[in-house]
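Participant: Show me the folded form of this:
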Amino acid sequence: MTKESDHSANLSKAREMLLVERRQLAAELTKSYQRGDGEKRERFMVVQSMIEAIDRAALDEARIARGEDPVPTVTHYVTGKPSQIPGQ
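Facilitator: The predicted model follows:
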């Protein structure tokens, strides 16, 4: 297994674990309000943000595997071309 596929596999596993947690939290939030539900709502938002961050990281890993500029910059988005960093 290559280093890139290890990273992708780790991201995939982390995402699956977060999906399980999000589903559990969603199920708990469908019940009548109870003390501590505020923390559950906050945790739900954190978990969702983490899932979205993992999705962005997976796209970045895919770009790296294809040999593309791994970190798009504002220049990249405006011009469609990777930024040129002196010395690289």
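Participant: tell me which residues of stretch 54-69 are tucked away?
Facilitator: 54, 57-58, 60-61, 64 (16 or more other C-beta atoms under 10 Å). C-beta: built from backbone N, CA, C; applies to glycine.
Participant: Figure out the helix or strand that the most centrally placed residue in the chain lives in.
Facilitator: The geometric centre of the chain, computed from its C-alpha atoms, lies nearest to I54 (C-alpha atoms, centre = their mean), at 1.5 Å. Per DSSP states H and E: I54 is located in helix 37-65.
Participant: What is that helix packed up against?
Facilitator: The contact analysis (3 or more C-beta pairs under 8 Å, 6 or more residues apart in numbering; DSSP states H and E) places helix 37-65 against helix 3-29.
Participant: Distance from the chain centre to the helix it packs on, please.
Facilitator: Centroid displacement of helix 3-29 relative to its chain, using C-alpha atoms, centre = their mean, to the nearest Å, is 9 Å.
Participant: quick one: average pLDDT of that helix?
Facilitator: The pLDDT scores in helix 3-29 average 93.
Participant: What is that helix packed up against?
Facilitator: helix 37-65.
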